[in-house]
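Visitor: One predicted model, sequence on top.
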Amino acid sequence: MVIEKIKTSSSALFRKKSIEGCAEEALDSGAHINLKKILTARDLTALGVAAIIGAGVFSTIGRACFNGGPAVSLLFVFTAITCVFCALCYAEFASRIPVAGSAYTYAYVAFGELVAWIIGWTLVLEYAIGNATVAIAWSANFCSFLEGFGLRLPDFLSNSYLAAEKYHNVFLKLSETGAVIPEYTQRMHDLWITAPKLLGTIPFILNIPAFLIVAAITALVYVGVKESRNTTIFMVVFKVAVVLLVILVGAFYVNPANWVPFAPNGAAGVMQGVSAVFFAYMGFDAISTTAEECKNPQKDLPQGMMNALLICTFLYIAISVVLTGMVNYTELNVGDFLAYAFERVGLHWLGGILALSAVVATTSVLLVFQLAQPRIWMVMSRDGLLPKKFSYIHPKFQTPSFATLVMGFTVSVATLILDGEFATDLNSIGTLFAFVSVCAGILLLPKNVQGGRFKVPFINGRYIVPGLFLLTIILINVWNINFFPEFFSLNDPVRTPFEVFSHKFPYYTFFALTIFITIMSAIKKLSIIPVFGLLSCFYLMTELGIANWQRFFIWMAIGLIIYFGFGMKNSKLASETFHRL
């Protein structure tokens, strides 16, 4: 009897939604009011560009260039290729399953309920935490814009508490060693010391501009997707024009000497920019959450996704090459690096334009992400994994109003105190995990099911994947004969074997996954596009470090507690199973 109950519970955890059922759900939401179907391929392309080009261009690329030098352009190429693999997989899922929910819905079809919940919970990192990151960047750009008019907000009302605390601690450590203290670290330390105190000891530091912009965007998204679409198109045209202006004007001030050395900090320095560069690309998948608001989702979603990714890839590579050619990479670790680069070459007139475009660019990203997360919660609520209130559609505005308000409240409060770098790293690892699941899901989808105008091109990996694996092993040994002995060694003069293992755990996991996928490719004839997408995304996850993996595992543990406490009992698919227990 006990064994039978365990089997029944296990079956409930991995019960899947059918593709046909998802398609019917898109057409008929039962008692729910349907979402407006108004988006075209052009609108989706604009939404994609709006989501991708934003905080990356105006906040994180400078740090990546500082760490990797001119060679960071190669990281943009690698990341772009990775995103193309993922975008192809997203496009097939979006074409087959034109339902809001993005990777969550796709995982429900490919893996089952438990994995779907895990992916849905992970997407909170991508959209909610990601939006907090963008709001923090918006606040910094907005304050810089105001300073151009001689207006300055008090530092304790335009910075986050956790960022000030972190850099205060960094200041103390640097002071002990006598090292040079960066200007930003000094400024945050001064803020921590001089900020008004609560209860006599706690610094009062809140990011008010970030809070207010999230509140304003939430109100706009609450009113309707049509209004959001029109606003987005305007902002996309403006910021793409500015980015093109930066590239075209900056190209005349490129000094090839700044490209030497090309990789001053080696491969390790380039890979330090993984979080920043990947964050710059994040967002192309957000448009898949609008599937139920598309006029022709099976055709327009894949087209809009690929168009947006190709446009942004060109712009990113061009701007990284121009930027590192205009000034030396060592000068780019500043908040307003674009404006700094042009002022450095004497083009002060571009400063105001760049400041305004930075505000517009990050506003459009906020708009798209704030649009995406409530729709994922809406679908999870329909499936019974979240309370029914999250799937409530406003009778007048025809938007998921309650979910939108919850999203707005959560993000706005987080932006008051959250550290931008911490949020970027957590956001990147969560998004990469979602991408890994989508690529893996394509490998598990039945190939004989009809439906969907777009399919990932099938390239048999039976011989290609094992061949590339062996070739990589050979090249690594030629490059460094001691690589693998050092890789598997746990000896370290400073750290304990457990600490060494913990640090290398992400890399060991990637190595084991690569061997498994290589074997399965030879046996099952797996297609190389989703295989390459899966492996490249997982590799980028390893470069984020064990600290971010630990935070990710904690986040997952919290999500599982919620699932087993609420979602498992209330799931539509599992309800019949639990009646028998």
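Guide: That came through fine.

Visitor: chain center to the helix ranked longest in the chain: distance?
Guide: Assignment by DSSP state H gives helix 350-382 as the longest helix of the chain. Here helix 350-382 is found 12 Å from its chain centre; the criterion is CA atoms, centre = their mean, to the nearest Å.

Visitor: Quick check: buried residues in the next helix or strand after that helix?
Guide: Using DSSP states H and E, the helix or strand that follows helix 350-382 towards the C-terminus is helix 401-417. Neighbour-count burial for helix 401-417 flags 401-404, 406-408, 410-412, 414-417 (criterion: 16 or more other CB atoms under 10 Å). C-beta coordinates here come from the backbone N, C-alpha and C atoms, glycine included.

Visitor: the strands in the chain, which residues?
Guide: 197-198, 202-203 (DSSP state E).

Visitor: can you pull out the helices in the stretch 151-300 of the chain?
Guide: Along the stretch 151-300 of the chain, the stretches classed as helices by DSSP state H, counting those that start in this stretch are 161-177, 183-194, 208-223, 225-251, 266-271, 274-281, 297-326.

Visitor: okay, those, which one's buried deepest?
Guide: A comparison of those by mean neighbour count, using mean count of other CB atoms under 10 Å, puts helix 274-281 on top with a mean of 26.

Visitor: That one - what's its average pLDDT?
Guide: For helix 274-281, the mean pLDDT works out to 73.

Visitor: any chance of the helices of the stretch 151-300 of the chain in JSON lines, with distance to residue 567 too?
Guide: Putting these into JSON lines (distance: least, CB to CB, whole Å) gives the following:
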{"stretch": "helix 161-177", "distance to residue 567": "30"}
{"stretch": "helix 183-194", "distance to residue 567": "40"}
{"stretch": "helix 208-223", "distance to residue 567": "25"}
{"stretch": "helix 225-251", "distance to residue 567": "27"}
{"stretch": "helix 266-271", "distance to residue 567": "37"}
{"stretch": "helix 274-281", "distance to residue 567": "29"}
{"stretch": "helix 297-326", "distance to residue 567": "26"}
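
Visitor: out of these, nearest to residue 541?
Guide: Proximity to residue 541 (CB to CB) singles out helix 274-281 among these, at 8.9 Å.

Visitor: What lies in contact with that closest one?
Guide: When contacts are defined by CB atoms under 8 Å, 6 or more residues apart in numbering, helix 274-281 is touched by residues 52, 55-57, 60-61, 63-64, 72, 75-76, 79-80, 83, 130, 133, 309, 312, 316, 424-425, 427-428, 431-432, 540, 543-544.

Visitor: Looking at the strands of the chain, which is nearest to residue 120?
Guide: It is, among the strands of the chain and with distance given as CB to CB, strand 202-203, at 35.4 Å.

Visitor: centre of the chain versus stretch 309-323, how much separation?
Guide: For stretch 309-323 - counting by CA atoms, centre = their mean - the centre lies 18 Å from the chain centre.

Visitor: Ok, stretch 562-577 next?
Guide: The answer for stretch 562-577 is 28 Å, by CA atoms, centre = their mean.

Visitor: Please renumber the chain so that the first residue is 57 from this point on.
Guide: Done: numbering now begins at 57, and the last item shifts to stretch 618-633.

Visitor: if I pick residue 302, what's in contact with it?
Guide: 375, 378, 394, 398, 406, 410.

Visitor: in the stretch 257-406 of the chain, which ranges drop under the pLDDT threshold?
Guide: Applying pLDDT under 70 to the stretch 257-406 of the chain flags the ranges 280-288, 342, 344-348, 390-392.

Visitor: First-to-last residue distance for stretch 384-396?
Guide: From its first residue to its last, stretch 384-396 covers 12 Å (CA to CA, to the nearest Å).

Visitor: Likewise for stretch 438-455?
Guide: So stretch 438-455: terminal residues 14 Å apart, CA to CA.

Visitor: May I see the buried residues of it?
Guide: Neighbour count says stretch 438-455 has 438, 439, 440, 441, 442, 446, 447, 448, 449, 453, 454, 455 buried, by 16+ other CB under 10 Å.

Visitor: Which single one of the residues you listed is nearest to residue 421?
Guide: Each of the buried residues of stretch 438-455 was scored against residue 421 by CB to CB, and residue 455 proved nearest at 19.1 Å.

Visitor: Ramachandran angles for that closest one?
Guide: phi -130, psi 160 (degrees, to the nearest 10).

Visitor: I figured it was touching residue 279, is that so?
Guide: Yes. Here residue 455 reaches residue 279: they are 7.4 Å apart, a contact under CB atoms under 8 Å.

Visitor: circling back: relative to residue 517, which of the helices of the stretch 207-356 of the chain is closest?
Guide: Going by CB to CB, the one of the helices of the stretch 207-356 of the chain nearest residue 517 is helix 353-382, 21.9 Å.

Visitor: Pull up the gap between residue 467 and residue 450, please.
Guide: Note on residue 467: its distance to residue 450, by CB to CB, to the nearest Å, is 19 Å.

Visitor: and the closest residue to residue 425 other than its chain neighbours, how many neighbours does it have?
Guide: Nearest non-adjacent residue to residue 425, counting by CB to CB, 6 or more residues apart in numbering: residue 187, 4.3 Å away. Other residues near residue 187 come to 31 when the count uses other CB atoms under 10 Å.

Visitor: Touching, residue 187 and residue 427? I think so.
Guide: No. Contact criterion CB under 8 Å: residue 187 and residue 427 do not qualify, at 10.2 Å.

Visitor: Appreciated, that's everything.
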